[in-house]
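>>> Curious how this folds, go ahead:
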Amino acid sequence: MGHSPLVVRDLSVAYQKKPVLFDVSFEVPEGKLIGIIGPNGAGKSTLIKAALGLIPRLKGEVLVYGKPYKQQLLKVGYVPQRESVDWDFPTNALDVVMMGRYGRLGWFKRPGAADRQAAMECLDKVGMSKFADRQISQLSGGQQQRVFLARALAQDAQLYFMDEPFVGVDAATEKAIISLLNDLKRQGKTVLVVHHDLSTVTDYFDQVTLLNGRLMAFGETSEIFTEENLQRTYGGRLSILKTGPDSGTILGVR
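Got it, this is the predicted structure:
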């Protein structure tokens, strides 16, 4: 019996002594697309960063395939929020994607032709191969996001964390991203996505994690993504449009 891609146990995190996450526990099965949903300030990005060891934990543990993340670096890919990146850094799209290969190369090994080839294939998968030599500062937001995804693909991980990959991208890029996520899932990979557009959750994700400081609910989207759970998670900020006697269409968050 293999280990789950991700087990989070009793995770608590504080920023400058202010608690952000309390006692969050859940276990992620393999080969699923999982949305991390909740209001602003709910701790969604914090959850990912704590899982990746990018910020300290107050308590709790996070296991990636049964071991601490630090022992499983090659198994994990990460797409941070686009705003958190210095896009003026003088480098081109191909070089950014090549960075995804460095973990595989080991220390002091220079990337060779096979790595360039792999990086180009990843750019191709996100429709960006013709921009390989373009400076990242000259790319549109959607193009930058595609390059980031290509970098994560180049890592050839088993478990992916993506922090708001759909923010600020055009409809074509959104389509390209979701089809890429479904490709990863078909390969048996597991993807956790911080996501804020409630209208696409049921189309995009097999499972959802509803978060607001605490874990409000976790499980199959069809069972967990209910009006009742969303009201609990978002409080008064949720607006619902009734479309029929029994059905509620979720409009979004005020």
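>>> what secondary structure does Glu61 sit in?
Classification of Glu61 into helix, strand or coil gives strand, according to DSSP: H, G, I helix; E, B strand; the rest coil.
>>> can you check Leu210 too?
What three-state DSSP gives for Leu210 is strand.
>>> surely it meets Gln231?
No - look at Leu210 against Gln231 with Cβ atoms under 8 Å: they stay out of range, at 10.7 Å. Glycine gets a C-beta too; all of them are placed from N, C-alpha and C.
>>> the more surrounded of these two?
Taking neighbours as other Cβ atoms under 10 Å, Leu210 and Gln231 compare with Leu210 leading, 23 against 13.
>>> roughly how far apart are the more buried one and Thr221?
Separation of Leu210 from Thr221 (Cβ to Cβ, to the nearest Å) stands at 10 Å.
>>> Next: Tyr78.
When Cβ to Cβ is applied, the distance between Tyr78 and Thr221 equals 23 Å.
>>> Ser179 now?
From Ser179 over to Thr221 the distance is 18 Å, taken as Cβ to Cβ.
>>> So for these two, which sits in the more crowded spot?
Each of Ser179 and Thr221 has its neighbours counted (other Cβ under 10 Å); Thr221 has more, 20 against 11.
>>> so what's the most centrally placed residue in the chain up against?
Within the chain, the residue whose C-alpha comes closest to the C-alpha centroid is Met162; the distance, by Cα atoms, centre = their mean, is 1.7 Å. Neighbour list for Met162: Tyr78, Val79, Leu149, Ala152, Val191, Leu192, Val193, Val194 [criterion: Cβ atoms under 8 Å, 6 or more residues apart in numbering].
>>> Give me the subset of these lying in helices.
Leu149, Ala152 (DSSP state H).
>>> Please check the contacts of Met162 and keep the buried ones.
Tyr78, Val79, Leu149, Ala152, Val191, Leu192, Val193, Val194 (16 or more other Cβ atoms under 10 Å).
>>> List just the nearest of those residues to Gly35.
Proximity of the buried ones among the contacts of Met162 to Gly35, judged by Cβ to Cβ, is greatest for Val193, which lies at 5.6 Å.
>>> Show me the beta-bridge partners of the closest one.
Gly35, Met162 (DSSP bridges).
>>> just checking, it touches Val28?
No - Val193 lies out of contact with Val28 (Cβ under 8 Å); the separation is 11.9 Å.
>>> shared neighbours of these two, anything?
Ile34.
>>> on that earlier part again, so which of the buried ones among the contacts of Met162 is the closest to Lys59?
If you rank these by distance to Lys59 using Cβ to Cβ, Leu192 comes first, at 21.0 Å.
>>> Distance check, that closest one against Phe218.
Relative to Phe218, Leu192 is positioned 11 Å away (Cβ to Cβ).
>>> what touches both of these two?
When contacts are counted by Cβ under 8 Å, 6+ apart, the set common to Leu192 and Phe218 consists of Thr209.
>>> just the CA coordinates of stretch 8-24, formatted as CSV?
Taking C-alpha atoms only, stretch 8-24 is exported to CSV below (Å, rounded to 0.1, in the frame of the first residue of the first chain):
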residue,chain,number,x,y,z
VAL,A,8,-1.5,17.4,6.5
ARG,A,9,-1.9,16.8,10.3
ASP,A,10,-2.9,19.4,12.9
LEU,A,11,-1.2,22.2,10.9
SER,A,12,-1.2,25.6,12.6
VAL,A,13,0.6,28.7,11.3
ALA,A,14,0.9,32.2,12.6
TYR,A,15,2.3,35.4,11.0
GLN,A,16,3.9,37.8,13.5
LYS,A,17,2.1,36.0,16.3
LYS,A,18,-1.3,36.4,14.6
PRO,A,19,-2.8,32.9,14.0
VAL,A,20,-3.7,32.3,10.4
LEU,A,21,-4.3,28.5,10.2
PHE,A,22,-5.7,26.4,13.1
ASP,A,23,-5.4,22.6,13.4
VAL,A,24,-5.9,21.8,9.7
